[in-house]
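**Student:** sequence plus predicted model, see below.
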Amino acid sequence: MVRKCFYSFHYTPDNGRASQVRNIGVIEGNRPAPDNDWEKVTRGGDDAIKKWIAEQMKGRTCCIVLVGSDTANRKWINHEIIKAWDNGLGVVGIYIHGLKNLNGETSTQGNNPFDYIGFGNTGKKLSSIVKCYNPTGATSQDKYGWISKHVENAVEEAVDIRSKH
């Protein structure tokens, strides 16, 4: 079953890496707004951004957070994670620091974004429930291969985890 997913990622440094993952093809994903459209959205302020995110999440079953070096604890990443969870979507993270960007560069591993979000009023962090995978392998190709092989199962597991919480 091909799932429809929302991708959350830090655009400027990770767009090329995110594009690789979105193009794997086993998951149907949302397309990011072209730069001109995104500028229009951001000019509308926080309410316009929230509305755009909500529209993009409609009909999705999972939010895949593509975790780069500076993804964790960003305002809109946190908003997307919380919105997805509150809307009943599965949520999963995949580290992408080992994938090469458009300039052929990799980056350092960032923090787990789910460590910055509480799980209700339990005192726990969302990271105690939501998984964040670090693809194995020594090269960008190895890590891409891992993601390609495992992303579908990671999404199914995230949807299952969400259904139990």
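**Tutor:** Sure thing, it's come through.

**Student:** can you list the buried residues in stretch 150-162?
**Tutor:** Of the residues in stretch 150-162, His150, Val151, Ala154, Val155, Glu156, Glu157, Ala158, Val159, Arg162 count as buried by neighbour count, 16 or more other Cβ atoms under 10 Å. Quick note: C-beta positions are derived from backbone N, CA and C, even for glycine.

**Student:** now the residue nearest the centre of the chain, what's its secondary structure?
**Tutor:** Per Cα atoms, centre = their mean, the C-alpha nearest to the average position across the chain is that of Val65, at 1.5 Å. Here Val65 is strand, with the state taken from DSSP: H, G, I helix; E, B strand; the rest coil.

**Student:** check which element follows the least confident helix or strand in the chain by mean pLDDT along the chain.
**Tutor:** In the chain, no helix or strand scores lower on mean pLDDT, DSSP states H and E than strand 28-29, which sits at a mean of 70. Toward the C-terminus, strand 28-29 is succeeded by helix 35-43 as the next helix or strand (DSSP states H and E).

**Student:** Val92: neighbour count?
**Tutor:** 26 (other Cβ atoms under 10 Å).

**Student:** contacting residues for the residue lying closest to it once chain neighbours are set aside?
**Tutor:** What sits nearest to Val92 in space, not counting adjacent residues and going by Cβ to Cβ, 6 or more residues apart in numbering, is Ala158, at 3.8 Å. Applying Cβ atoms under 8 Å, 6 or more residues apart in numbering, one finds that Ala158 lies in contact with Cys62, Gly90, Val91, Val92, Val130, Lys131.

**Student:** mind putting the residues you listed into TSV with secondary structure?
**Tutor:** Output for those, formatted as TSV (three-state DSSP):
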residue	secondary structure
Cys62	strand
Gly90	strand
Val91	strand
Val92	strand
Val130	coil
Lys131	coil
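
**Student:** just the buried residues out of the residues you listed, in ChimeraX syntax.
**Tutor:** The following ChimeraX line selects those of the contacts of Ala158 that are buried, judged by 16+ other Cβ under 10 Å:
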select :62,90,91,92,130
